[in-house]
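S.K.: attaching a predicted model along with its sequence, questions to come.
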Amino acid sequence: MVPHLITALTGPINELEQRVLDSMPAIERWFRLEWMEHTPPFYSSVDIRNAGFKLSPVSTRLFPSAWNNLTPEMVPLAVQAAMAAIEKICPEARNLLVIPSNGPHSPSYLDNLAQLRRIFNMAGLNVRLGSIDPALKKSTTIELQNGESVTLEPVIRGRRRLGLKDFDPCTILLNNDLSAGVPGILEEIYEQYLLPPLHAGWPTRRKSKHFKAYEEVAKRLGKLLGVDPWLINPLFDKCDEVELDKDSGLDCLRSQVDVVLTRVRRKYKEYGIKEKPFVVVKADHGTHELGVVTVRDARDMQALADRAQALAKNRQTPLAPHGFMVQEGVMTQERVHDAVAEPVIFTMDRYVVGGFYRVHAGRGVDEALNAPGSDYVPLAFEHSTQLPQPGIKPGASLPNRFYMYGVVGRLAMLAASYELEATDPEAEVYD
């Protein structure tokens, strides 16, 4: 299955692909030097949008699920990356405790846990799943649709360590984004490695900080490639503490939507792009009842205001102030089975280990696809290799396109590394 790329073979994205392929040694050396200075996030997933004239990440997750959507051919890459990551952190590790999100869990999320267990098991670790959900009182085994099963066990907190009955792990892997807050049971763990660290969770993390760091690394890579960094970077702005239930609460959002749209229009004019620009308004951390809203003009802004007003009405408790990010909308020009699609890149340690297409038949090219009704189509290659194929016409080779996606995915991963360093509460400060 090769996705149908609507992009014309002479379009700007193919020029970018050619630049990336021509600069491959320089790019790989640049990343290698960066990873000598910075620690990659333990794992991540990056949603990428290919508009035909620009290619950029729109979301980076540091507690990725959906590992079950990687093809069997990709699992060995994930196993090797897991080996490399564990070797650096805790080479003598024997036991790994995976902490999932709190239930109830969908069948696909349980499949994701089974895949993570398989990957780390093959990397040489005993793996068990320990739940911090207060509702889970005893060990519970759940049968999966493929005949496998997963067992969730309640964690036990000692004075200094976290584990299970008869299971003392060296390393604890969080597959829980802590959007409900950091529970006390995970705090002050000093004798075990907690990955990703607590400050990677939504209580601390802000999407705007991530994209600020991404803007910095995109400028540097753009300079290396000799291209405008806008081609790989979505413009954005933010509003702190928006009070949606007040008339004046949306003033900041209206202003920032106008600012970002004006900047995007300027870029569209510069490149002769005829599409209508749009922005996406979304929570700056975690998710929000407002959802992800596409805004193209004043009418859409009014619809957003009406939606916020409807949310604020008939509530027992007022809506808490929340930060929002206004991000340049990047449409997608990719189709799989005639449905709108976007690639999702999965990384572990410093490596791209695989990816898939998120597909949504009910959404448009300028709408978020990470919504109920989305489907996942594995990236399957005509050839057994995922290595790029130099010399092939731009736009005609999926491994080449995927290599370019991998470069953008690693750029987002590097930005996450910068972001985590900046928010680390235990970072050493030198005067």
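M.R.: Arrived safely.
S.K.: doesn't residue 156 make contact with residue 139?
M.R.: No: shown here, residue 139 and residue 156 do not form a contact pair, counting by Cβ atoms under 8 Å, at 11.7 Å. In short, each C-beta sits where N, CA and C put it, glycine included.
S.K.: which residues touch the helix or strand containing residue 116?
M.R.: Assigned by DSSP states H and E, residue 116 falls within helix 107-122. For helix 107-122, contacts defined as Cβ atoms under 8 Å, 6 or more residues apart in numbering pick out 65-68, 70, 75, 78-79, 82, 86, 96, 98, 100-101, 105, 127, 129, 142, 144-146, 148, 150, 173, 175.
S.K.: what separates that helix from the chain centre, distance-wise?
M.R.: Between the centre of helix 107-122 and the centre of its chain there are 18 Å (Cα atoms, centre = their mean, to the nearest Å).
S.K.: go on, stretch 142-151?
M.R.: 27 Å.
S.K.: do stretch 104-114 as well
M.R.: Its chain's average C-alpha position is 18 Å from that of stretch 104-114, according to Cα atoms, centre = their mean.
S.K.: export that stretch as CSV, just CAs?
M.R.: Presented in CSV, the C-alpha positions along stretch 104-114 are these (Å, rounded to 0.1, in the frame of the first residue of the first chain):
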residue,chain,number,x,y,z
PRO,A,104,-11.1,2.4,31.5
HIS,A,105,-9.0,1.3,28.5
SER,A,106,-10.0,0.8,24.9
PRO,A,107,-9.1,-2.5,23.2
SER,A,108,-6.5,-0.6,21.0
TYR,A,109,-4.8,0.9,24.0
LEU,A,110,-4.5,-2.5,25.6
ASP,A,111,-3.0,-3.8,22.3
ASN,A,112,-0.5,-0.8,22.6
LEU,A,113,0.5,-2.1,26.1
ALA,A,114,1.0,-5.6,24.7
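S.K.: residue 96 touches residue 168, doesn't it?
M.R.: No: contact criterion Cβ under 8 Å: residue 96 and residue 168 do not qualify, at 11.3 Å.
S.K.: the more surrounded of these two?
M.R.: residue 96 (26 against 15; other Cβ atoms under 10 Å).
S.K.: for residue 195, see how far away the more buried one is.
M.R.: In this structure, residue 96 lies at 9 Å from residue 195, with Cβ to Cβ, to the nearest Å as the measure.
S.K.: what touches both of the two?
M.R.: In the contact map built from Cβ under 8 Å, 6+ apart, the residues linked to both residue 96 and residue 195 are 171, 172, 173.
S.K.: wait, residue 273 sits on residue 231?
M.R.: No: with contact defined as Cβ under 8 Å, residue 273 does not count as touching residue 231 (11.5 Å).
S.K.: count of residues packed around the closest residue to residue 155 other than its chain neighbours?
M.R.: Nearest residue to residue 155, sequence neighbours excluded (Cβ to Cβ, 6 or more residues apart in numbering): residue 130, at 4.1 Å. Neighbour count for residue 130, taken as other Cβ under 10 Å: 21.
S.K.: quick one, what contacts residue 130?
M.R.: Contacts for residue 130 were tallied using Cβ under 8 Å, 6+ apart; they are 97, 98, 99, 152, 153, 154, 155, 162, 163, 164, 172.
S.K.: quick one: which of those residues is most hemmed in?
M.R.: Of all the contacts of residue 130, the highest neighbour tally under other Cβ under 10 Å goes to residue 97, namely 25 neighbours.
S.K.: from what I see, that residue and residue 168 are in contact.
M.R.: No: using Cβ under 8 Å, residue 97 is not in contact with residue 168; the gap is 9.0 Å.
S.K.: tell me where the protein has helices.
M.R.: For the chain, helices defined by DSSP state H occupy the ranges 12-22, 24-37, 75-89, 107-122, 207-225, 251-271, 298-312, 398-423.
S.K.: mind listing which of the contacts of helix 107-122 are in strands?
M.R.: When the contacts of helix 107-122 are checked against strands (DSSP state E), the matches are 96, 98, 100, 127, 129, 142, 150, 173, 175.
S.K.: okay if I get those residues as a markdown table plus distance to residue 307?
M.R.: Formatted as a markdown table, the entries for those read as follows, by distance: Cβ to Cβ, whole Å:
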| residue | distance to residue 307 |
| --- | --- |
| 96 | 43 |
| 98 | 37 |
| 100 | 32 |
| 127 | 43 |
| 129 | 38 |
| 142 | 37 |
| 150 | 38 |
| 173 | 37 |
| 175 | 31 |
